[in-house]
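[1] Need a 3D model of the sequence below.
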Amino acid sequence: MNCLTQYLELYDQHFDTIEAHAPAVLNKLRQQARQALENAVLPRKGAEDYEATDLNAVFSLDYGLNISRLDFDIDPAEAFHCDVPNMSTCMYYTYNDIFHRSKTARKIEGGVVVESLAEAAVNHPELLEQYYGQLASLNDPTVALNTLLAQDGILVYVPAGLSAEKTIQLVNILNYTRPMMVVRRILVVLGENAHARMLVCDHTQSSGVDCLASQVVEVFAGENSTFDYYDLEESGPQTHRVSSIYVRQQAGSNVLVDGITLTNGFTRNDYLVTVDGEHAETQLLGMTIASGTQHVDTHTFIDHRAPRCHSNEMFKYVLSENAVGAFAGKILVQLDCPRVEAYQGNRNIVAANTAKMYTKPQLEIYTDDVKCSHGTTIGQLDDEALFYMRTRGISLDEARNLLMQAFMSDVIDAVRLDTLRDRLRYLVEKRFNGTLTNCGNCSACSGAPLTPP
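    So this is what the prediction gives:
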């Protein structure tokens, strides 16, 4: 059975309630999304390439939806202490899919806007009319379903010439008592010569209940803007996350996107970057540590539509036990785009015979005078290095952990925030030695101890 049918029926039965609790600019796209879903089937992308993903099974469970937008009168900051040590951030929360401003955390200043899409529809309607839904493709059924059901989200707007001095931190908390589908949208707009950094963290509090987190992110980077987007997932074993991040870069912009999965159940991350202006720079990075039955599937697409641009892409996986990883990446260089430099890499350690890794890197080039490369490796830990370390009194487990940490070091080193880079080293070390059960600052997020890879 096509699992999308149940969502179309739900929308048809409750569209009055869904639209009554959403701003008009979100409602405008619902009929287009519904039409796109009429004959759509999951899985769509990648199904012909490998057997790693079954999105139809992920969406088939009978999830509940909070279409009446019931909320709790809480300040998440009082229960969830998600500050990164020694890093000054402006903290915001979504509790399931309800946006919250912390009453106690630092607030953004200097003309930078962080607010819900419902607020933005009143305060900045021109931004939503111009940008919302303009990048996210309804040809992708997961995006079309998100567009059909989304009732709110978050706007981050940095006007031309301004900088967000503090990192914008968004903490997504999943907490529920029955199977729940959480639908989120994030819209980021940077004007010309604008600069910002954003850290998005996913945490599951109800680790024993199924949840489906559907997320669509759209990032518009204006000319000569700079934007860092760090996406850190520490969710539970029964959390299913399907995320699509779209980026459009104008001339001279510099964008770094870094996806980090430390704990999860099932994760599908799509990254789609369109480079529309000369001298733009793109860094697309990711790392995954998976054990047990964890599943992490990454699809990337960097579309170079302008000459004299540079992109660097690197994704790394460490898999153990029965974990499954997948990577399908494509770089496209269009006609009349000389002097493009584009590099793609996927490096993987499969630490158990029962773990599986699927990988498919691609280059598609339609112009001359470019420097492009791609490659992938799948291997195990170096036996000679392990032997060398053990002869010097290091235990086997410690030697394995040290080698795996070193394997991840170049992805961590690419983080452009010193304090976040140090924090990631700490979290990765805890993950490899099996002691990472939460972010470490509070006891609100809990989960079963993980087996080290």
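[2] which element follows the helix or strand of the chain with the lowest mean pLDDT toward the C-terminus?
    Within the chain, no helix or strand scores below helix 76-79, which has a mean of 61 by mean pLDDT, DSSP states H and E. Once helix 76-79 ends, the next helix or strand along the chain (criterion: DSSP states H and E) is strand 89-95.
[3] what's the following helix or strand after that next one?
    Elements were assigned by DSSP H and E; along the chain past strand 89-95, the next helix or strand is strand 98-101.
[4] Mind giving me the packing neighbours of that next one?
    For strand 98-101, the contact count by 3 or more C-beta pairs under 8 Å, 6 or more residues apart in numbering; DSSP states H and E identifies strand 89-95 as packing neighbours. Backbone N, C-alpha and C define where each C-beta goes, glycine included.
[5] Excluding chain neighbours, what is closest to Tyr63?
    Met181 (3.7 Å; C-beta to C-beta, 6 or more residues apart in numbering).
[6] tell me the phi and psi of the one you found?
    Torsion angles at Met181 (phi, psi; degrees, to the nearest 10) stand at phi -110, psi 130.
[7] That one contacts Leu212, doesn't it?
    Yes. The criterion here is C-beta atoms under 8 Å, and Met181 meets it with Leu212 at 4.5 Å.
[8] Looking at these two now, which is surrounded by more residues?
    Between Met181 and Leu212, counted using other C-beta atoms under 10 Å, the more crowded position is Met181 (24 against 21).
[9] Relative to Ala118, how far out is the more buried one?
    To Ala118, Met181 is 19 Å away according to C-beta to C-beta, to the nearest Å.
[10] you'd agree Asn56 is in a helix?
    Yes. With DSSP: H, G, I helix; E, B strand; the rest coil as the criterion, Asn56 is part of a helix.
[11] if I pick the closest residue to it other than its chain neighbours, what's in contact with it?
    Excluding the flanking residues, the one nearest Asn56 by C-beta to C-beta, 6+ apart is Leu42, at 4.3 Å. Residues in contact with Leu42 (C-beta atoms under 8 Å, 6 or more residues apart in numbering) are 2-4, 55-56, 58-59, 141-142.
[12] Now the closest residue to Glu429 other than its chain neighbours. Its backbone dihedrals?
    Closest residue to Glu429 apart from its sequence neighbours, by C-beta to C-beta, 6+ apart: Gln405 at 6.1 Å. Here is the backbone geometry of Gln405 (degrees, to the nearest 10): phi -60, psi -40.
[13] for Leu149, what are its contacts?
    Residues in contact with Leu149 (C-beta under 8 Å, 6+ apart) are 7, 11, 18, 65, 67, 181, 183, 214.
[14] Just the ones of those residues in helices?
    Counting by DSSP state H, the part of these found in helices is 7, 11, 18.
[15] Now neighbour count, pLDDT and distance to Lys316 too, for these, in CSV please.
    Formatted as CSV, these follow (neighbours: other C-beta atoms under 10 Å; pLDDT from 0 to 100; distance: C-beta to C-beta, whole Å):
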residue, neighbour count, pLDDT, distance to Lys316
Tyr7, 20, 93, 34
Tyr11, 20, 95, 39
Ile18, 22, 96, 40
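[16] of the residues you listed, closest to Phe387?
    Nearest to Phe387 among these: Tyr7, at 54.1 Å, using C-beta to C-beta.
[17] ok now do that closest one, which residues does it touch?
    Tyr7 neighbours (C-beta under 8 Å, 6+ apart): 37, 59, 145, 148-149.
[18] which one of these is nearest Phe387?
    Using C-beta to C-beta, Phe59 comes nearest to Phe387 of the contacts of Tyr7, at 46.8 Å.
[19] Would you agree the closest one is in contact with Leu37?
    No. Applying C-beta under 8 Å as the test, Phe59 and Leu37 come out as separate, 11.4 Å apart.
[20] any common contacting residues for these two?
    Joint contacts of Phe59 and Leu37 (C-beta under 8 Å, 6+ apart) are 4, 7, 145.
[21] Turn those residues into CSV, including distance to Leu284.
    Shown next, in CSV, are those (distance: C-beta to C-beta, whole Å):
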residue, distance to Leu284
Leu4, 29
Tyr7, 30
Leu145, 25
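[22] closest to Thr226 among those?
    Leu145 (32.5 Å).
[23] and the strand or helix carrying the closest one, which residues are buried?
    Taking DSSP H and E as the criterion, Leu145 maps to helix 141-149. Buried positions in helix 141-149, judged by neighbour count with 16 or more other C-beta atoms under 10 Å: 141-149.
[24] any idea how far the helix or strand hosting Leu332 is from the chain center?
    Using DSSP H and E, Leu332 sits within strand 324-333. Distance of strand 324-333 from the chain centroid (C-alpha atoms, centre = their mean, to the nearest Å) equals 15 Å.
[25] same deal with stretch 345-355?
    Taking mean C-alpha positions (C-alpha atoms, centre = their mean), stretch 345-355 and its chain are 21 Å apart.
[26] Need the residues that contact that stretch.
    290, 313-325, 327, 329, 356-357, 359, 361, 374-381, 400, 404, 407, 453.
[27] Buried only: go through these for me.
    When those are checked for burial by 16+ other C-beta under 10 Å, the buried set is 290, 313-321, 323-325, 327, 329, 356-357, 359, 361, 374, 376, 378, 381, 400, 404, 407, 453.
[28] So which of the residues you listed sit within strands?
    Applying DSSP state E to the buried ones among the contacts of stretch 345-355, the entries found in strands are 290, 313-319, 324-325, 327, 329, 356-357, 359, 361, 374, 376, 378.
[29] List the buried residues for stretch 61-73?
    Buried-residue list, stretch 61-73, by 16+ other C-beta under 10 Å: 63, 65-67.
[30] Also stretch 214-222?
    For stretch 214-222, by 16+ other C-beta under 10 Å, it's 214-222.
[31] since we're on Asp383, how many residues are nearby?
    Counted by other C-beta under 10 Å, the residues lying close to Asp383 total 8.
[32] ok, now how distant is it from Ala351?
    Taken as C-beta to C-beta, the span from Asp383 to Ala351 is 12 Å.
[33] Likewise for Ser207?
    Applying C-beta to C-beta, the value for Ser207 to Ala351 is 24 Å.
[34] now swap in Arg425 and tell me
    Arg425 is 20 Å from Ala351, by C-beta to C-beta.
[35] One more: Ala328?
    According to C-beta to C-beta, Ala328 and Ala351 sit 22 Å apart.
[36] With Arg400 instead?
    Taken as C-beta to C-beta, the span from Arg400 to Ala351 is 8 Å.
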